[in-house]
Each structure stands twice: as structure tokens, then as C-alpha cells.
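Asker: Give me the fold of what follows.
(one chain, ligands or ions: 1)
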Amino acid sequence: MRTLGIGLIGTGFMGRAHALAFRQVSAVFELPMHLRLVALADSDPARAERCAAAWGFEQACDWQALIADPRIDLVAITTPNALHCPMALAALEAGKAVYCEKPLAVSLDQAALLHRAAQAAGVVTRVGFNYQHNPMIERLRQMIAAGELGEILAFQGEFSEDFMADPQAPFSWRCDPMQAGGALADLGSHLLGMARHLLGEVEAVCADLRTVHKQREGRVIEVDDQASALLRFANGASGAISTSWLKQGYKNHLSFEISGTLGTVAFDQERLNELRLYRRGGEGFQRLLAGPDLPGYAAFSPAPGHQLGYNELKTLEVHELIMALSGATKAGSDFEDAWQVERMTAAIRLAAAQERWVRLASL
Ligand code: NAD
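Answerer: Below you'll find the model as predicted:
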């Protein structure tokens, strides 16, 4: 069996999530290749050493050495957003497959550069839009494709958290426009990716962005705290989205309703094992619960109602990545999909700045 050498960059929130997924995936699925955790890199070498030992990587090193290592076939990037571009470009130039966290880049130019570089390299790329790997989302996608909701009329979505709600919350790389891009880039990218995954391309947007807390730790904040936008989908549906990292009480509220001529479906990531479905003529919403009739769920548990969690979605994402590397699937968001999401966020920023509708084709 072929061995896939893996190098992981970053040991923060997402670094750990990737490491857990790489370790769990072969216990959950029968894989067409053997996974070898070759190296772990972090800007803090002592932490890289500690995490490498604890997470089962053979060694710690810096990211340049990791990319140059001939034993490594796949580079996973979980660093702050501005580092995605130089790291992914170097990995693509070395002919490695790349699994990069979202958002792919900090500007549309960077995202376009990465998309072109991935095409030129001809390697498998994937981006961490893990929420799309929820078996309940796949069930919904199939319901829409089968016409169970009828003609799709609208997508209304929100992704709110409250981790920046306190005006005293410390300045972090997420607050720096050169390093990241505010709530829209951080949370909105997931929501826009989800909308596109389920309803297809967006043609035009208008939007409003606001920075509520204009200083943190004495530093001026130039990124948005909350954003809202209207969307026009190519299929004729209309959309409304909002995102905030200030909304008290919400911890992972990636939520949306999709309404069609035959029914409405509602989803909330804070209850990720459920869909609420209303069918035309019904007396109210029905609660659909994830169970082993869904292959992604059955892989973890033979019993209904036992529930998947956030980290399982990451394992499902890594499974699809490995199947893509073995040539068995094309599913999953690649650099082209992530570039399309970046086009949506760029259009939303431009629309808000110029207070007008922006067609994505004009970018
Ligand atoms: P974090 O701050 O917890 O971790 C970042 C890591 O990168 C740290 O370990 C840091 O030491 C390391 N790092 C920084 N500079 C480096 C360098 N030059 N070389 C090597 N390592 C370096 O951040 P996080 O929350 O894990 O976010 C990282 C990425 O993951 C971001 O792009 C973010 O948008 C994304 N993210 C995705 C999800 C998701 O659900 N898919 C959730 C959270 C974060």
C-alpha cells in the first residue's frame, strides 16, 4: 500500500484539529494508503517539539525544511491567514499536495495567484471548509438536487460568534488587515462557501460592513466586526447573509434557512446533528436527526442519535482529501472553490465601500 507522508504547519486551534483528524481517519475508514506523520512545524520550536511528540509526528522542524522534505507528499497549513500564500506557493512549487485552512488568502489577488499555481502544479488541493462535510449537509444537498424543496427561492444565513464581543478582548492577528480580514473573512467565508456549496454561484452582492470596537489594546482596528450582504444567485434565488464576532451568546452559530416552493429547511451548526424541515401542507417543522443511514455518520457510529462533533467533520474532510489523492473522488473544496469564495468576499467589501451593487463578473 502506498504511504502518504504528511507535514503539518501550525500547532494552534486548527493545528490540533488537523492532527486529531490525521490520527483518527485510519481508525474510522479503510484507507487506500498508509498515513505517515513525518513532521510538524511551528514558529515556536519548543512547542513544535512538544506537540510533535504528543501528536505522533516523527520530528519537528521549520516550515521551509518541512516543505523541502522528500518524504512529505502532503502539506497541511494551519497558520494565520497571511502565511497561507507563501507557504502554499512554496509547497505547490515543490509539487506537494496542499491542505490549507480557510480563508485561502488575505486578498483576491493572492487567492487568484494560488488558484493559478495549483492549476499549474496539477496537484490535489483542499481548503478547510469543514462544515460542508457534515453528513446532514450532504443529505440537504441531495434533497435540493432531487427537487424535494421545489424551486429554490431564498438562502438566509448567519454566522455569529461572540469571542470578540468584549471590547477589551486582546488584539490578535485576526484584527490586523494584513494578517486576516475581520469577521467577514474569518466567519463569513464559511457561510459564503456553504451558500455556494448548496445553491451554486452568486452573481451580484450589495453589503454593509462595520467596525464597532475601533480600538483594542490601544491599537486602531481596521477590520470589520460585523457584516451583512444581499446576494443574487445565478439560479435566480435571493440571499441575505450576516456575520458577526460580537453577537453575545453565540459560539458557533453557522445557521441558515433555505426556502423553496415545496418546503423550507433550517440548519444551525450549534445543533449540527439536526435539520428542521417543513414540507408544503405540513402542520409544522419536522426535526430530522443524523443517524447511520448517512454514510459519513455510520463510519463513526452504528447507533442513531449518538451525534457527531466538530472534530469528526475535520476527519470527514481529511477522508475526502485522501480519497481525492487516491483518485477516487473530486469532491471537496479545492483552491478554485476557495478563490470563488474570495471573489464573493472581495465583492462584498467593494459593495460596502462604494455603497452599491457589485457584479462578481466585474471583479
Ligand atoms: P492559532 O493562532 O491558534 O494558531 C496559529 C498557529 O500558527 C500557531 O501555532 C502559531 O505558532 C503558528 N505560526 C504562526 N506563524 C508561524 C510561522 N511563521 N511558521 C510556523 N507556524 C507559525 O490560529 P487558529 O485558530 O488555529 O487559525 C489558524 C488558521 O485556521 C486560520 O487561517 C483560521 O482562519 C483557520 N481556522 C479555521 C477553522 C475552521 O473551522 N476551519 C477554525 C479556526 C481557525
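Asker: dump the residue contacts of the residue lying closest to residue 164 once chain neighbours are set aside.
Answerer: Spatially, and ignoring its direct neighbours in sequence, residue 164 is nearest to residue 245 (4.1 Å; C-beta to C-beta, 6 or more residues apart in numbering). Quick note: C-beta positions are derived from backbone N, CA and C, even for glycine. For residue 245, the contacting residues are 160-165, 183, 186-187, 225-226, by C-beta atoms under 8 Å, 6 or more residues apart in numbering.
Asker: Looking at these, which are in helices?
Answerer: Counted as lying in helices by DSSP state H, out of those, are residue 183.
Asker: and the ligand, which of the contacts of residue 245 contact it?
Answerer: Among the contacts of residue 245, the residues lying close to the ligand (C-beta under 6 Å from any ligand atom) are residue 186.
Asker: Greatest separation within the contacts of residue 245: which pair is it?
Answerer: The largest distance within these, taken as C-beta to C-beta, falls between 165 and 186 and amounts to 14.0 Å.
Asker: Count the neighbours of the residue in the chain that the ligand sits nearest to for me.
Answerer: Residue of the chain nearest the ligand, by C-beta to the nearest ligand atom: residue 12 (2.0 Å). Using other C-beta atoms under 10 Å, residue 12 has 14 other residues around it.
Asker: wait, isn't residue 21 in contact with residue 309?
Answerer: No. Applying C-beta atoms under 8 Å, one finds residue 21 not in contact with residue 309, separated by 12.0 Å.
Asker: neighbour count winner among these two?
Answerer: A count of neighbours by other C-beta under 10 Å puts residue 21 above the other of residue 21 and residue 309, at 24 against 11.
Asker: any idea how far the more buried one lies from residue 46?
Answerer: 24 Å (C-beta to C-beta, to the nearest Å).
Asker: And residue 13, by the same measure?
Answerer: Here residue 13 is placed at a distance of 19 Å from residue 46 (C-beta to C-beta).
Asker: circling back: and the contacts of residue 245, which is closest to residue 37?
Answerer: Nearest to residue 37 among these is residue 186, at 27.8 Å by C-beta to C-beta.
Asker: correct me, but the closest one touches residue 174?
Answerer: Yes. At 5.9 Å, residue 186 and residue 174 qualify as touching, with contact defined as C-beta under 8 Å.
Asker: Name the residues contacting each of these two.
Answerer: With C-beta under 8 Å, 6+ apart, residue 186 and residue 174 have common neighbours residue 180.
Asker: So for these two, which sits in the more crowded spot?
Answerer: More crowded of residue 186 and residue 174, by other C-beta under 10 Å: residue 186, with 22 against 19.
Asker: check which helix or strand covers residue 109.
Answerer: Using DSSP states H and E, the element containing residue 109 is helix 108-121.
Asker: can you pull out the helices in the stretch 101-250 of the chain?
Answerer: All helices of the stretch 101-250 of the chain, identified by DSSP state H, counting those that start in this stretch, fall at 108-121, 135-145, 182-183, 189-199.
Asker: Brilliant, that's me finished.
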